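Engineer: This is a predicted model, with the sequence first.
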Amino acid sequence: MSAALPSRDVVGAHPDRGRLFAAAVSLAGLAVLAVLIPRIDTAAIEADPAVFWLCAGLAVAGELLPIRAPRAGQVEEIGISTTFGIAILLAFGTAAAAAVFAFASLVGDVVNQKSPWKTIFNVAQYVLSVAAAGAVYTMLGGPREMSAAVLGPLTLAAVAFLVVNDGLTGTAIALSQGVSVRAYLLDDLLFQAATAAALCALAPVVIVLAETDVWLVPLMVVPVAAVYLGATASLHNTELVHRLEQALEQEKELGRMKDDFAAVVSHELRTPLTSIQGYIKTMLQLGPRLASKEERAFLEAADRQSERLRRLIEQLLAVSRLESEVEPLSLSPVSLSEVARHVVEELQASGHGQAFDLRFDSSLRIVETDEGKVHQIVSNLVENALKYSPPDTKITVRGASTGDGLLVSVENEGHGIPEEAQERIFDRFYQVDSSTTRSVGGTGLGLYICRRLADAIGGRLWLERSGPDGTVFRLWIPDGPPADAPDDAGPQAVEAGVSR
């Protein structure tokens, strides 16, 4: 039986309590091991060394190659070392079994690269488990010769092994996770009891085979190997099914988002077109009756809506280029402070009284990158800051050197992005509010495009934080182009601002 399941690491909501318990178990187990080792019955081992070393080797192999089986959404790890360790207990005594269990657990954990404190805990709880089983077996007068008289003592010894083994591990995990120890142990009791019964029941079979001919013992490996291969295949199939279910769920979600996107794009295209058409029709109908001031206002409104339409179309074209992997780089020396200043000049008029605060280090160096793509990313972040922050608040754009690149931060004082949406805002088509009645327009492509553009220049874009006091996006730009950038840079990308 496994000492510590991989899906049940002793780390959780309250790791200190679990670690204190594990430390106590470790000290107790090592102390018991120190007492038992001098009491190993060397005479019995010397009388039948082939059986001892064969069982010891198979116990180590059982720890190195545990059977992993899917159960209740987790992976249960079953070490068949229990069978051969209990066989040693029956034939050579508790001390020898404790030493073999400790060595097998140590080798298995070291090879599997488990942490030192977990390795020590596993060794200790194995020692305590087999010591309890050996004490029960001895008190009940369990014989070393295999006969029907073994069954009663062996059954209760197996119960003692189960209670200590599963109890110590389960208690440590439950304490570290801050859950009820009793509930945790009872939840897993039937499976662990059935496993312990099967593994311990095979131990006397091993001894009987060894008494007949020691080379019959390896025959035990054949059914175990069959179970191992079957469990491994089952686990692999379970993982494949799980991945398929995830892929289907993602495909379903993507389909839903595409439907929402189609509805939103239709709305976003129709709104400016309707406005432009309305202004033009009004001008045609009223003609000379319009005052020059009203005529200019109508033309300016139509121009704003046509600009909105142009930006939307360019956004859709940008997605098409990115999806087809034909977004070339146009490399040149770029001043990040100049790019930010131009962006603010372009977008300041579309705000609602927000103030801009540009903070760039005076020593900020020039980088070689694609200015159009950097402009597009920064423009989108600033436009988002304008759209999602209240009037008369401050938008801060910072620039600083960091390692082998530059770091740009765009901060607003808006209400923030809901926590449940923060992991998805860079997904294609995703919008926090996808309804056509939302107060802020957008297609759900802006941040997706920006992240893809950041990847194209070898940089990185992420959400630093978001809450009631505002939102901060950060963009890291390397000093030079990515290693796989082509030598012959293509045409520069269209400097279109895109919105979330």
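Structural biologist: Looks like it arrived, so ask away. Residues are numbered from 1 along each chain as shown.

Engineer: low-scoring stretches of the stretch 101-250 of the chain, by residue?
Structural biologist: Scanning the stretch 101-250 of the chain for pLDDT under 70 picks out 188, 191, 217, 220-239.

Engineer: Spatially central residue for this structure, please.
Structural biologist: Centroid-nearest residue in the chain, with Cα atoms, centre = their mean: residue 423, separated by 12.3 Å.

Engineer: Check the gap between it and residue 463 for me.
Structural biologist: 9 Å (Cβ to Cβ, to the nearest Å). To be clear about C-beta, it is placed using only N, CA and C from the backbone, and glycine gets the same treatment.

Engineer: go on, residue 352?
Structural biologist: 23 Å.

Engineer: So between those two, which is more surrounded?
Structural biologist: residue 463 (15 against 11; other Cβ atoms under 10 Å).

Engineer: Export stretch 377-389 to PDB, keeping only CA atoms.
Structural biologist: C-alpha atoms of stretch 377-389 as PDB (Å, rounded to 0.1, in the frame of the first residue of the first chain):
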ATOM      1  CA  ILE A 377      -0.600  47.400 -28.000                       C
ATOM      2  CA  VAL A 378      -0.100  50.600 -26.000                       C
ATOM      3  CA  SER A 379      -3.000  52.300 -27.900                       C
ATOM      4  CA  ASN A 380      -5.400  49.500 -27.000                       C
ATOM      5  CA  LEU A 381      -4.400  49.500 -23.300                       C
ATOM      6  CA  VAL A 382      -4.800  53.300 -23.100                       C
ATOM      7  CA  GLU A 383      -8.100  53.200 -24.900                       C
ATOM      8  CA  ASN A 384      -9.300  50.500 -22.500                       C
ATOM      9  CA  ALA A 385      -8.300  52.600 -19.600                       C
ATOM     10  CA  LEU A 386     -10.300  55.500 -21.000                       C
ATOM     11  CA  LYS A 387     -13.400  53.300 -21.600                       C
ATOM     12  CA  TYR A 388     -13.400  51.500 -18.300                       C
ATOM     13  CA  SER A 389     -12.500  54.400 -15.900                       C
END
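
Engineer: where exactly do the helices run in this structure?
Structural biologist: Secondary structure of the chain (DSSP state H): helices at 15-36, 42-47, 49-64, 81-92, 94-111, 116-139, 151-177, 181-212, 221-286, 292-323, 336-347, 371-387, 446-456.

Engineer: Out of the ones you listed, the one nearest residue 362 is which?
Structural biologist: Among those, helix 336-347 comes nearest to residue 362, with 9.1 Å by Cβ to Cβ.

Engineer: Not counting its neighbours along the chain, what's nearest residue 408?
Structural biologist: Spatial nearest neighbour of residue 408, excluding adjacent residues (Cβ to Cβ, 6 or more residues apart in numbering): residue 475 at 4.4 Å.

Engineer: if I pick that neighbour, what's in contact with it?
Structural biologist: 377, 378, 381, 407, 408, 409, 410, 454, 459, 460, 461 (Cβ atoms under 8 Å, 6 or more residues apart in numbering).

Engineer: who's it bridged to?
Structural biologist: residue 408, residue 461 (DSSP bridges).

Engineer: Local confidence estimate at it?
Structural biologist: On pLDDT, residue 475 comes in at 93.

Engineer: That one and residue 412: what is the separation?
Structural biologist: 15 Å.

Engineer: next one: residue 138
Structural biologist: 74 Å.

Engineer: out of those two, which sits in the busier spot?
Structural biologist: Remark: of residue 138 and residue 412, residue 412 carries more neighbours, 26 against 14, as counted by other Cβ under 10 Å.

Engineer: For the more buried one, list each beta-bridge partner.
Structural biologist: Going by DSSP bridges, residue 412 forms beta bridges with residue 471.

Engineer: Domain-wise, how is this structure divided?
Structural biologist: 15-212, 252-323, 331-478 (automatic domain parsing).

Engineer: Tell me who's in contact with the closest residue in space to residue 381 that isn't next to it in sequence.
Structural biologist: Counting by Cβ to Cβ, 6+ apart, residue 381 lies nearest to residue 410, which is 4.1 Å off, once chain neighbours are set aside. Applying Cβ under 8 Å, 6+ apart, we find residue 410 in contact with 378, 381, 382, 384, 385, 395, 396, 397, 472, 473, 474, 475.

Engineer: hmm, try it at 6 Å
Structural biologist: 381, 382, 385, 397, 473 (Cβ atoms under 6 Å, 6 or more residues apart in numbering).
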